[in-house]
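**Q** Quick one, what's the 3D model for this:
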Amino acid sequence: MENRTARLTLLIDPRKKAIFEKLCEQDDVTPSQKVRQLIREYIESHLGENWKDQVFGENKQSN
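**A** Here you go, the predicted model:
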């Protein structure tokens, strides 16, 4: 996991938010965990699974 975090604020339709929260609850994950997963998957689809090496450098330990 990265050492630092940043806040991402977004606007979403309240009905979609409620559905998203219910689905996350069914999967036993928080909405924040699911959004982080979706972002990781999006990055990997564009940069590949070794994206951390590209972004953080090859000497950085990946988790």
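**Q** Output the below-cut-off pLDDT ranges for this structure.
**A** In the predicted model of the chain, residues 1-2, 58-63 satisfy pLDDT under 70.
**Q** Which helix runs longest in it?
**A** In the chain, ranked by residue count with DSSP state H as the criterion, the top helix is helix 31-47.
**Q** Let me see the residues that make contact with that one.
**A** With contact meaning C-beta atoms under 8 Å, 6 or more residues apart in numbering, helix 31-47 is reached by Leu8, Phe20, Glu21, Cys24, Asp27, Val29, Trp51, Gln54, Val55. (Glycine included, C-beta is placed from N, CA and C.)
**Q** Could you check how far stretch 4-14 is from the centre of its chain?
**A** On the basis of C-alpha atoms, centre = their mean, to the nearest Å, the separation between the geometric centre of stretch 4-14 and that of its chain is 11 Å.
**Q** ditto for stretch 51-60
**A** So, by C-alpha atoms, centre = their mean, the centroid of stretch 51-60 is 18 Å from its chain's centroid.
**Q** All set, thanks.
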